[in-house]
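Engineer: Could you look at this predicted model? Sequence included:
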Amino acid sequence: PKGNMAFTGKYEFEADENYDEFVKKIGLPSDKIEMGRNCKIVTEVVQNGNDFTWTQHFPGGRTTTNTFSVGVEADMETMGGRKFKAAVKMEDGKLVADFPNYRHTAEISGGKLVEISTSSGVVYKRTSKKIA
């Protein structure tokens, strides 16, 4: 099927746009804002059909893992560590999730992982390059 296994890989943060504006908009505390700025986050994705394990490794050893199946409600965690439930959808090869105060999309484009989060008109874009 189209898009199968397309996400599997390990990706390292390369660049982002509108970080400060976005994290202030979603109310991230300033210590978390500083910690996340130009943070060399490594995102590890394991895709098995519609099942995903999405892990973010932060410098200093902290990790966040969201495990979900497309179209099925799952327990998730936000950038700020807040827990919530959401059903991730697949739209045109993009994963789409509605977080409590932002909408998040992820796609593989030109071999890179491109993530876009939108909150009240502020668009935060993060690009990560494939390293494994």
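Structural biologist: Perfect, thanks for sending it.
Engineer: show me where the protein has helices.
Structural biologist: Here the chain has its helices, by DSSP state H, at 19-25, 30-36.
Engineer: residue contacts, the residue nearest the centre of the chain?
Structural biologist: Nearest residue to the geometric centre of the chain (CA atoms, centre = their mean): Glu115, 5.9 Å. Counting by CB atoms under 8 Å, 6 or more residues apart in numbering, Glu115 makes contact with 104-106, 125-128. Placement of C-beta: from N, CA and C, glycine included.
Engineer: lowest-pLDDT helix or strand in this protein?
Structural biologist: Least confident helix or strand, the chain: helix 30-36 with a mean of 83, by mean pLDDT, DSSP states H and E.
Engineer: if we can go back for a sec, now the contacts of Glu115 in TSV, please, with extra columns for pLDDT, neighbour count and distance to Glu21.
Structural biologist: Shown next, in TSV, are those (pLDDT from 0 to 100; neighbours: other CB atoms under 10 Å; distance: CB to CB, whole Å):
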residue	pLDDT	neighbour count	distance to Glu21
His104	94	20	16
Thr105	96	17	18
Ala106	97	21	20
Lys125	97	16	12
Arg126	95	22	13
Thr127	97	17	17
Ser128	97	23	20
